[in-house]
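Trainee: quick one, what's the 3D model for this:
(2 chains)
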2 protein chains.
Amino acid sequence: MSIREEILGQANKAKKAARKLANVSTELKDRALEKIAERLVNSMDLIISENKKDLEAGKRNGLSRAMLDRLELNPDRIKGMAEGLRELVKLKDPVGDVSQMWKRPNGLQIGKMHVPLGVIGIIYESRPNVTIDAAGLCLKAGNAVILRGGSEAINSNKVLTKIAAEALIDAGLPEGSVQLIQTTDREAVSVLFELNDYLDVLIPRGGAGLINRVVNESKVPVIQTGVGNCHIYVDSSAELQMALDIVFNAKTSRPAVCNAAETLLVHKDKAKEFLPKLYRLFNENNVELRGCQKALEIVPELKEAEESDWSTEYLDYILAVRVVDSFEEALDHISTYSTMHSEAIITNDYTRSQRFLQEVDAATVYVNASTRFTDGNQFGLGAEIGISNQKLHTRGPMGLNELTTIKYIVYGQGQIRE
Amino acid sequence: MSIREEILGQANKAKKAARKLANVSTELKDRALEKIAERLVNSMDLIISENKKDLEAGKRNGLSRAMLDRLELNPDRIKGMAEGLRELVKLKDPVGDVSQMWKRPNGLQIGKMHVPLGVIGIIYESRPNVTIDAAGLCLKAGNAVILRGGSEAINSNKVLTKIAAEALIDAGLPEGSVQLIQTTDREAVSVLFELNDYLDVLIPRGGAGLINRVVNESKVPVIQTGVGNCHIYVDSSAELQMALDIVFNAKTSRPAVCNAAETLLVHKDKAKEFLPKLYRLFNENNVELRGCQKALEIVPELKEAEESDWSTEYLDYILAVRVVDSFEEALDHISTYSTMHSEAIITNDYTRSQRFLQEVDAATVYVNASTRFTDGNQFGLGAEIGISNQKLHTRGPMGLNELTTIKYIVYGQGQIRE
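Mentor: Numbers count the residues shown, from 1 in each chain, chains lettered A, B, ... in the order given. This is a model prediction of the structure:
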């Protein structure tokens, strides 16, 4: 069987499963999530031994220590996956909710009902726990899912999806609800791109290279996730200690994630007081600052920033720093370089706070808080499958609600038009 | 200047305009809509003389009478466009509405604000009034729009967009808010497909050929519209006269539109009574019926349906008819052939009515009403830019709300994470 035929077979199964899943009770879905959690914990030894194969191959292939760490599954991480599924059980199932219902003059009663998207494809890199997190979220929202993980985690992903698939059939959910692409061949991804008659959406989770490839080549509708060139603008009226705390937190609490800050903009009236303190704090903590000309005039020890720094998502202990002459210049800079993920202003000026919220075009805009809060759990929305970076369908954290669409239901009594 | 350069220039202008439009008051947008309406009516002679050029070229190129009729602009139709804009003024502007706002345990206050999509591209065929309808809807929802009309209407579209662009600048809206692709070269469409850094969404309005090309080739996110292979299932418990009225209305009130019925499914226990009456009514009105083998046994005068009939969107005075042995067979047929647009059941059976609403996967599902109601105005949502046939972003009629997205606004007091 060719790769194409194999994946088409899976897509067919997924489509059939999706039709059934759309009409399954929340109770049954929750029972399946519990069963998967149970089996994961009971299969710990098997999972760890399969994961070892990936780790050994990774070492042979020279993966970095950070990469190997992301790849590793240990008892705590396996318990963590099970815990994540049990958290999902507690979340409200949006499917079947009718958010509005109204009556037309002709007596038609029209309602807007939340229904699953159908079949979701997810292409992701490295961390094998995404396999279970993503499958759980898709299932709870009534969707079938086809997963394509990274080749370095293939053995881990295979055993995890096998356990999940067995558990959900055991619970009474349809076969084909959760499937993994079994080959690591790159051709598989190209086949997924063509499946617009089977997949309702494709979600890439990974680096900019992966996301661009999916956007450029997929015929299946895509939700772009992730890339975050996030800015913090420290206004002339900012409270100094608050600004220092927020910038430090946004840059250093977890630099490798998309909601970490990458560029700091400082109003010129604040820069002389703020930048030396910032430099001291960051220097003590081994965080590199790359400054514009004006920043260097104030703190000559800074490394000089190049044009490319303004558009770089470092995902590292590096922050670009630019002094701006005005609030408007800050808005212009953000509008030019932002990836529209998370943008923050630190200010005590009412008008500027309102203008920033209104005028900055991003999934999340903050006044006086760290950009690191852009996250489904932090927002109180529950677990998320990623952060949407595009405007179509949804923006920001994508939880259960965002894995559904709507249908109109219409109750008539024989109405005809005109 | 090459076509590519010219369109890139327009896209740049549109992006700049969109940034301003997002923060323009409803009052100002409404004033612009009024001004466009006014200028259209005042420029009637000019519009009609430009439209004549298209009509004459159309005649030379052998356009059908129906096509020429769709192309024609007369005083009534021009007044109709102006009236449509004034109706838009009455509709509530969704931009800036915060639909929910909640407080987190750490004191962060998080709100979900409706904001414009940004820049919308619309590719459409034939009818020049779409130019004004689409531009008006996009503007009212705060979006800039780039229009690509059919080559047969190029002179009409040019004069209409020129009038609109002048009126909106006069009203104080930014230049570049409404633009038309000036060339009729097909290359222009390929250029639009590449503009994912400029366009937030591309909406094709037209036949299946156009829509497929856009879905297959565009890197810009697409909302598919239109194709409707709609079914009506007449259940064994249906009230006979209601079923006749609805089927007749759904097929004949306007057969060329996407919400017209294309296939009738009849339960076998109803078929003997229903089909002869249906045949008489349709035959009197010159509507062709194409039946399955079982239908032909009941009404031998029917033309025989082929397999391809079940998947054909006739858009004409033709209806395919199939007798099904059970409710489940009807659901299976719909699931196999439906384009998930509008599907109806005629029944007096409570359980089947509920199952149909629940289990049929379509943008709109009806009990005891004509599929012809799938329309923004009929639903009470106001004017629409099309009917979405996909699940991502939205389904069914797309009005002002559906031309917006959301952003999260977060009010903090210095919060940092962890």
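Trainee: next, see if the longest strand along chain A gets close to chain B.
Mentor: Using DSSP state E to define each element, chain A has its longest strand at strand A:404-415. Yes - Strand A:404-415 lies within reach of chain B by C-beta under 8 Å from any C-beta of the partner chain, at A:405-415. All C-beta spots, glycine's among them, are computed from the backbone N, C-alpha and C.
Trainee: residues touching the closest residue to A:Glu306 other than its chain neighbours, list them.
Mentor: Distance criterion C-beta to C-beta, 6 or more residues apart in numbering or on different chains; nearest residue to A:Glu306, sequence neighbours excluded, is A:Arg290 at 8.0 Å. Shown in contact with A:Arg290 (C-beta atoms under 8 Å, 6 or more residues apart in numbering or on different chains): A:302-306, A:309, A:318-321.
Trainee: which SS state does A:Arg290 fall under?
Mentor: Using DSSP: H, G, I helix; E, B strand; the rest coil, the structure places A:Arg290 in strand.
Trainee: one more: the one 10 residues further on?
Mentor: Using three-state DSSP, the secondary structure recorded for A:Pro300 is coil.
Trainee: how many other residues sit next to it?
Mentor: 9 (other C-beta atoms under 10 Å in any protein chain shown).
Trainee: roughly how far does it sit from A:Leu160?
Mentor: 53 Å (C-beta to C-beta, to the nearest Å).
Trainee: circling back to that earlier point, and of the residues of strand A:404-415 next to chain B, the nearest to chain B?
Mentor: Using C-beta to the nearest C-beta, A:Gly412 is the member of the residues of strand A:404-415 next to chain B that lies nearest chain B, at 2.7 Å.
Trainee: could you pull up phi and psi at the closest residue to the closest one other than its chain neighbours?
Mentor: With sequence-adjacent residues excluded and distances taken as C-beta to C-beta, 6+ apart, A:Gly412 is closest to B:Ala369, at 2.7 Å. Dihedral pair for B:Ala369: phi -150, psi 160, per degrees, to the nearest 10.
Trainee: beta-bridge partners for B:Ala369, please?
Mentor: Per DSSP bridges, the residues bridged to B:Ala369 are A:Gln415.
Trainee: next one: A:Val115
Mentor: Beta-bridge partners of A:Val115, as defined by DSSP bridges: A:Thr405.
Trainee: which non-adjacent residue is nearest the closest residue to chain B within the stretch 1-150 of chain A?
Mentor: As assessed by C-beta to the nearest C-beta, chain B sits closest to A:Leu117 within the stretch 1-150 of chain A, at 5.1 Å. Leaving aside its chain neighbours, A:Leu117 sits nearest to A:Asp200 (4.7 Å; criterion: C-beta to C-beta, 6+ apart).
Trainee: check A:Ala238 too.
Mentor: Using C-beta to C-beta, 6+ apart and skipping residues adjacent in sequence, the residue nearest A:Ala238 is A:Ile346, 4.2 Å away.
Trainee: same check, this time on A:Lys277
Mentor: A:Leu244 (6.1 Å).
Trainee: and that neighbour, how far from A:Thr364?
Mentor: Counting by C-beta to C-beta - A:Leu244 and A:Thr364 are separated by 22 Å.
Trainee: neighbour count: these two, which is higher?
Mentor: For A:Leu244 versus A:Thr364, neighbours defined as other C-beta under 10 Å are more numerous around A:Thr364 (28 against 19).
Trainee: quick check: the more buried one touching B:Lys407?
Mentor: Yes - between A:Thr364 and B:Lys407 a contact is recorded at 6.8 Å, counting by C-beta atoms under 8 Å.
Trainee: helices of the stretch 101-250 of chain A, start to end?
Mentor: Taking DSSP state H, counting those that start in this stretch as the criterion, the stretch 101-250 of chain A carries its helices at A:129-140, A:154-171, A:187-193, A:208-217, A:240-252.
Trainee: okay, now the domains of chain A?
Mentor: For chain A, automatic domain parsing gives the domain ranges A:3-225, A:230-374.
Trainee: if I pick whichever residue of the stretch 201-350 of chain A sits closest to chain B, what's in contact with it?
Mentor: When scored by C-beta to the nearest C-beta, the stretch 201-350 of chain A has A:Asn249 as its residue closest to chain B, at 3.6 Å. Applying C-beta under 8 Å, 6+ apart, one finds that A:Asn249 lies in contact with A:370, A:372, B:416-418.
Trainee: measure it to A:Ala295 for me?
Mentor: For A:Asn249, the distance to A:Ala295 - C-beta to C-beta - is 21 Å.
Trainee: do the same with A:Leu139
Mentor: Following C-beta to C-beta, the distance that separates A:Leu139 from A:Ala295 is 50 Å.
Trainee: which one's more surrounded, these two?
Mentor: The neighbour count for A:Leu139 versus A:Ala295, taken as other C-beta under 10 Å, is higher for A:Leu139 (27 against 24).
Trainee: hang on, the more buried one packs against A:Asp30?
Mentor: No - A:Leu139 is beyond contact range of A:Asp30, at 9.7 Å (criterion: C-beta under 8 Å).
Trainee: who are the packing partners of the longest strand of chain A?
Mentor: strand A:109-116, helix B:240-252, strand B:364-369, strand B:396-397 (3 or more C-beta pairs under 8 Å, 6 or more residues apart in numbering or on different chains; DSSP states H and E).
Trainee: and the helix or strand just after the third one, what other elements does it pack with?
Mentor: Going back to what we said before, that points to strand B:364-369. Where DSSP states H and E defines the elements, the next helix or strand beyond strand B:364-369 is helix B:376-379. Helices and strands touching helix B:376-379, as assessed by 3+ C-beta pairs under 8 Å, 6+ apart, comprise strand B:396-397.
Trainee: any idea how far the strand it packs on is from the chain center?
Mentor: 7 Å (C-alpha atoms, centre = their mean, to the nearest Å).
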